[in-house]
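Engineer: Next comes the sequence, and after it the predicted model I'd like to discuss.
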Amino acid sequence: MDIIELARELGKAIQQDEDYIAMEAARKANDDDEELQGLIGQFNLISTAAEHEQGKDQPNEQTLQGYGEQLQQLYNQIMQNVNMARFEQAKTVMDDKMNAIIAILAAAVNGEDPMTFDPDAEEEHHCGGDCSGCHGCH
């Protein structure tokens, strides 16, 4: 099996992972939440209007301030929505898992043993995968 095929197999395994499944269920709940979708639609419309105003030769600062306030209120409402909160939490868990996977792959490419590499230790030391400016892990 070549490396690309292994990557595809990893992708399939990720999609079967319970954290991925939870994230996708939360995404579907967001999509099915009509109130949330309405808020997101309003946010997008006001954002577009604000961009249009900002693009004018002489944008009206009062209008822009009003848009900014409306956007902030809508953003707060969106983020307080129970479905969005669940999605954000599930996405954070999945993002953390993906960051660990990427760290392991990067470590392997840099010659480290992927079987013993600890992505959590890398996070603790704020490593970026490039050790050229490193003062040591310990």
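Structural biologist: Right, received. Where do you want to start?
Engineer: is it true that residue 77 touches residue 38?
Structural biologist: No - here residue 77 does not reach residue 38: they are 10.1 Å apart, not a contact under C-beta atoms under 8 Å. (C-beta placed from N, C-alpha, C; glycine too.)
Engineer: So which of these two has more stuff around it?
Structural biologist: Higher neighbour count among residue 77 and residue 38: residue 77, with 16 against 10, using other C-beta atoms under 10 Å.
Engineer: which ones are touching the more buried one?
Structural biologist: residue 39 (C-beta atoms under 8 Å, 6 or more residues apart in numbering).
Engineer: Can you name every helix or strand that whichever helix in the chain runs longest contacts?
Structural biologist: Counting residues, the longest helix found in the chain (DSSP state H) is helix 82-109. Using 3 or more C-beta pairs under 8 Å, 6 or more residues apart in numbering; DSSP states H and E as the contact test, the elements touching helix 82-109 are helix 3-16, helix 18-32, helix 61-80, helix 119-124.
Engineer: Thank you kindly, that will do.
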